[in-house]
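# what's the 3D shape of this:
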Amino acid sequence: MSGGHQMLLGGGRGIGANLNKSFAAVISKRGAGTQAGSINWHPDGTTVYNQATAPTAGPNWYIPTTTNAGANWSRRLTLISQQNSSFSGATPGFWDPASVDHASTVQNSPSTATATGSAKVEFSPDGGTTIIEIGTVSWTVGP
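Now for the predicted structure:
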């Protein structure tokens, strides 16, 4: 692979063996006007959706979940597609430490449009030299 990057996919018991390689998160926040939906990434390997009146559990990115699962990992979302979407928090294209809580928030823009899209979820144990793709986040936010 060019640029000194190494992409790892699939299972096995080597590096990243506990990453959930079938991760699939769906953010859905419907309603008139400006809406925002998010997924919160926790360092124990869990996620939580904030897209309704109360937070709900999302898929785990690390199996089994454990205290400080994210201690040696960075996480990045890489856009696959997007329309009418603005981002805040852990935004696509940037490596974030998985050792702290981060939220990936998407909002519809303009407020009269529906934001849609998807991003691949990648983890790295070494700041982006070795990249392990584990799945996707997709969203539908707005009217």
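
# Other residues contacting stretch 135-143?
20-37, 39, 59, 77, 80, 84-85, 104, 106-108, 111-121 (Cβ atoms under 8 Å, 6 or more residues apart in numbering). For the C-beta atoms, the positions are set from N, CA and C on the backbone; glycine is no exception.

# doesn't A98 make contact with W41?
Yes. Using Cβ atoms under 8 Å, W41 is in contact with A98, at 6.8 Å.

# Which helix or which strand is home to T116?
Using DSSP states H and E, the element containing T116 is strand 115-124.

# Now do the strands in this structure.
For the chain, the strands defined by DSSP state E cover 6-8, 23-30, 36-41, 47-50, 56-57, 74-83, 85-89, 96-97, 102-108, 115-124, 130-142.

# Give the rounded mean pLDDT of the first one.
Strand 6-8 shows a mean pLDDT of 46 in the predicted model.

# Chain neighbours aside, what residue packs nearest to T67?
Nearest non-adjacent residue to T67, counting by Cβ to Cβ, 6 or more residues apart in numbering: D44, 5.8 Å away.

# For the one you found, give its distance to T56.
Applying Cβ to Cβ, to the nearest Å, the value for D44 to T56 is 17 Å.

# now do T140
Taking Cβ to Cβ, one finds T140 at 16 Å from T56.

# quick one, which of the two is more surrounded?
Using other Cβ atoms under 10 Å as the criterion, T140 and T56 rank with T140 on top: 18 against 10.

# which neighbours do W41 and A98 share?
61, 70, 75.

# In those residues, which residue is surrounded by the most others?
Within those, W61 tops the neighbour count with 27 neighbours, counted by other Cβ under 10 Å.

# wait, that residue sits on G45?
Yes. The pair W61 / G45 is scored as a contact, 5.6 Å apart, by Cβ under 8 Å.
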